[in-house]
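Novice: here is my input; please provide its structure:
(chains A and B)
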Protein chains: 2
Amino acid sequence: MAYRVIEGGITAAKGFRASGVHCGIKKQNLDLAIIVSDVPGKCALAYTQNKMRAAPIEVMMKKDPKMLQALVVNSGNANALTGSKGLYDAREMCALTAEALNLSEDLVGVASTGVISRFLPMHKISGGVAKAASELGRGREADQLAAKAIMTTDTRMKEAACEVTLKDGTIVTIGGITKGSGMIAPSMKVLHATTLSFITTDAVLAKNANAKWQDMMDTSFNMISVDGDQSTNDVSMIIANGKAGGPPVDNDPAFWEGVRYVAQSLAKQIVIDGEGATKLIEVHVRDAKSSREARSAARSIISSSLVKTAIFGADPNFGRILAALGNSDASFKLDEVKLMVSDDDISVTLFQKGAPTMVPASQDELNARKILSGKKVIIDLWLGVGHSVGEAWGCDLTYDYVKINADYTT
Amino acid sequence: MAYRVIEGGITAAKGFRASGVHCGIKKQNLDLAIIVSDVPGKCALAYTQNKMRAAPIEVMMKKDPKMLQALVVNSGNANALTGSKGLYDAREMCALTAEALNLSEDLVGVASTGVISRFLPMHKISGGVAKAASELGRGREADQLAAKAIMTTDTRMKEAACEVTLKDGTIVTIGGITKGSGMIAPSMKVLHATTLSFITTDAVLAKNANAKWQDMMDTSFNMISVDGDQSTNDVSMIIANGKAGGPPVDNDPAFWEGVRYVAQSLAKQIVIDGEGATKLIEVHVRDAKSSREARSAARSIISSSLVKTAIFGADPNFGRILAALGNSDASFKLDEVKLMVSDDDISVTLFQKGAPTMVPASQDELNARKILSGKKVIIDLWLGVGHSVGEAWGCDLTYDYVKINADYTT
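Specialist: Got it, this is the predicted structure:
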């Protein structure tokens, strides 16, 4: 592996500080975070493709920044579907933060998450920005305050970090935080990504990293689903401030492998903490015609309510997995399709050569039930039409998902 | 209205008989139905677009019948993902039925619904076909036996019928049955449509009715969703035996209005009986750019897990409805978007001119909660970009949906 996993979060890379405060958007709990770099950093952003874009998404897409130095993020209110007042408020969040940090407004990014279609309480935001700007820090406490301040229905904070040693010996660090538990089915497009995720690095990026960032999205956040509902507020960004020095990493596979690790780790943490989730479902599709088709098949499986409920019930009703494959646009040769479920210890082949292979009431069925009863269920599916692979991550659909969402605003 | 609703089902039209028996595919309950016309009838069929097609779907698509005289349908086992043995078994079901009824095999259709990827118990089917063939009858008892024999997780049988008086005074009758409760998100295509639905009529069809049948699908079964999972087994068909006489109805709007009534009534009965459902959600999209876009928007809303859980919880979290609109491919002018919820008594406008209109803790919010607490929630949404309309029907997502599906095969 090109990277070394380390303990850390949003301030793991050199030159980044962060804070998280409670300003009163939520009744209790932290609800506003600021992340700031000592110097402006090259950035790449990906936004939701939901056409009902939240105000902060509209503001950032219009700004289309190449460089960012600070981010202000609130939770508890999405500032979505709030009309022209919402746009004004999102710009005001940037302006307040720029003023408090003595930066140009152009260098400040904004993101929001929470209830849709309520106006932001700007007097509380204003106080929160001032407080957060005065409490910026580095290290594990600052990391965790920022990670907690962006949470909504999340039950745990989500962060990841790694180090990559470049060929010249320079060690660069990549750290990130994310939030998300429900309304999770991101399909983020660069230039045009409610999961919020922020990745910081002290590596040097010399050029526009949009193409690489899209590739990171397509193999991490865009391959998870909790409930199939793409948010109005999804945004994912990387800021590279160059503070580690060394050569530019634009085309260094080791660096991007590190970024992918952080992005995938954060994405998996979201589905593990999916609303009501009790299990991680990991799907590997192999022998597909193309990467796109492999990802389409994998995503169709983790998105199926029937697959998700069967796995919650540890019911080896694997026909639902194949039905979900049939609903994707991936091509397959049924005679060559093979389906296997496994955990870290055992594997059971359920379907092969066009017919079920698991005999009812056999040891295989007992093993399949044991696998499906665990905390992590791995599904391997071979399509028999090529050599491409794709992975997706999802969670089971449980009573608690219904409970959490039947009574969210009230 | 061009049609008159009558009490009746699959044998309401002249010249049709039916039966339903228990042959042992299920532990108890009826599990095999036969429907037969006195003479061969013109037919039109629509099949699932899931590429993982069940054996009976493959058999019928290959047969591509223009005329049918009998149908044999089993529940409890979908005969899906059963390889070449499954294909053989589906053909054998046609052959057994043809023999029992002394018909050509070409005139017999077959359909199956139930658990995926198990082989049919053909010895039981064989006995069931013989018994069902010997018990054919007309009238309410025969209707209900057939309607019950095709049920799976359905909690009630589903039938509808109407009469249409043609211009020359001929009265034609249209009757139908359907089943479906889970794995419901049909997208059926003529020539290529697990809901099963069978509509019979004694009207005269002179020509191929595929185009009209597709239009019926696109305004009924294809506009419902329980769980977003399109089945491997969906099929919907109409058989017209001409026994009422009178002129051909191929281009008679009154006749097709009657067929649409039966198809929509059956489709709504499916979502009302959706797995775990407690409420019918009816969405009307107006002022859309095209009918296709209007349907796309309506279907996106009834398919959203977050909308479905909010309505289960009677939570007026209407931002989720607009987020679902944003995830469809329908165009809209946000400033002209208007969102209203209503029941049969009261209406509340929730969003208009780009911003929320419902004041928290107001009488409007109380009314919205009252509407959402009822058994039928109507959502009206204006997109402001044209004059096209579309309707879709869904149900709430509840604890019982999870319960039913977490333990289905076992």
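
Novice: can you map out the strands along the stretch 101-250 of chain A?
Specialist: A:108-115, A:158-165, A:171-179, A:189-190, A:196-201, A:224-225, A:235-240 (DSSP state E, counting those that start in this stretch).

Novice: which of the ones you listed sits closest to chain B?
Specialist: strand A:108-115 (7.0 Å; Cβ to the nearest Cβ). Backbone N, C-alpha and C define where each C-beta goes, glycine included.

Novice: can you get me the centre-to-centre distance for the closest one and its chain?
Specialist: Averaging C-alpha positions (Cα atoms, centre = their mean, to the nearest Å) puts strand A:108-115 15 Å from its chain's average.

Novice: report the angle between the helix or strand harbouring residue A:258 and strand A:158-165.
Specialist: Using DSSP states H and E, residue A:258 sits in helix A:253-272. In terms of direction (axes from the mean of the first three to the mean of the last three Cα atoms, to 10 degrees), helix A:253-272 departs from strand A:158-165 by 170 degrees.

Novice: quickly check: helix A:253-272 near chain B or not.
Specialist: No - figure legend: helix A:253-272 not in contact with chain B (Cβ under 8 Å from any Cβ of the partner chain); closest approach 14.5 Å.

Novice: try stretch A:213-228
Specialist: Yes - counting by Cβ under 8 Å from any Cβ, chain B is contacted by stretch A:213-228 at A:227, A:228.

Novice: how about stretch A:120-137?
Specialist: No - using Cβ under 8 Å from any Cβ, stretch A:120-137 stays clear of chain B, with a minimum separation of 12.4 Å.

Novice: report the buried residues of that stretch.
Specialist: By 16 or more other Cβ atoms under 10 Å in any protein chain shown, the buried positions in stretch A:120-137 come out as A:120, A:121, A:124, A:125, A:127, A:128, A:129, A:130, A:131, A:132, A:133, A:136.

Novice: if we can go back for a sec, buried residues, the helix holding residue A:258. List them.
Specialist: A:255-256, A:258-272.

Novice: in the stretch 151-300 of chain A, what residue comes closest to chain B?
Specialist: Of all residues in the stretch 151-300 of chain A, residue A:227 sits closest to chain B, at 4.3 Å by Cβ to the nearest Cβ.

Novice: leaving out chain neighbours, which residue sits closest to that residue?
Specialist: Among residues not flanking residue A:227 along the chain, residue B:305 sits closest, at 4.3 Å (Cβ to Cβ, 6 or more residues apart in numbering or on different chains).

Novice: pLDDT wise, what is that neighbour at?
Specialist: Looking at residue B:305, its pLDDT is 89.

Novice: isn't it up against residue A:305?
Specialist: Yes - at 7.4 Å, residue B:305 counts as touching residue A:305 under the criterion of Cβ atoms under 8 Å.

Novice: what about residue A:211, how many neighbours?
Specialist: Residue A:211 sits with 10 neighbouring residues when counted by other Cβ atoms under 10 Å in any protein chain shown.

Novice: next one: residue A:63
Specialist: Residue A:63 has 17 nearby residues by other Cβ under 10 Å.

Novice: which residues sit in contact with it?
Specialist: A:106, A:109 (Cβ atoms under 8 Å, 6 or more residues apart in numbering or on different chains).

Novice: make it 10 Å
Specialist: A:45, A:91, A:94, A:105, A:106, A:108, A:109, A:110 (Cβ atoms under 10 Å, 6 or more residues apart in numbering or on different chains).

Novice: please apply the same query to residue A:160.
Specialist: By Cβ under 10 Å, 6+ apart, the neighbours of residue A:160 are A:5-9, A:12, A:174-178, A:197, A:199, A:261-269.

Novice: what's the closest non-adjacent residue to it?
Specialist: residue A:265 (3.8 Å).

Novice: then residue A:282?
Specialist: Counting by Cβ to Cβ, 6+ apart, residue A:282 lies nearest to residue A:378, which is 4.9 Å off, once chain neighbours are set aside.

Novice: wasn't that neighbour part of a helix?
Specialist: No - going by DSSP: H, G, I helix; E, B strand; the rest coil, the assignment for residue A:378 is strand, not a helix.

Novice: how many neighbours does it have?
Specialist: The burial count assigned to residue A:378 is 17, neighbours taken as other Cβ under 10 Å.

Novice: hmm, it is touching residue A:283, no?
Specialist: Yes - the criterion here is Cβ atoms under 10 Å, and residue A:378 meets it with residue A:283 at 7.9 Å.

Novice: in stretch A:91-110, what counts as buried?
Specialist: Residues of stretch A:91-110 classed as buried by neighbour count (16+ other Cβ under 10 Å): A:91-94, A:96-98, A:100-101, A:103, A:107-110.

Novice: understood, closing this out.
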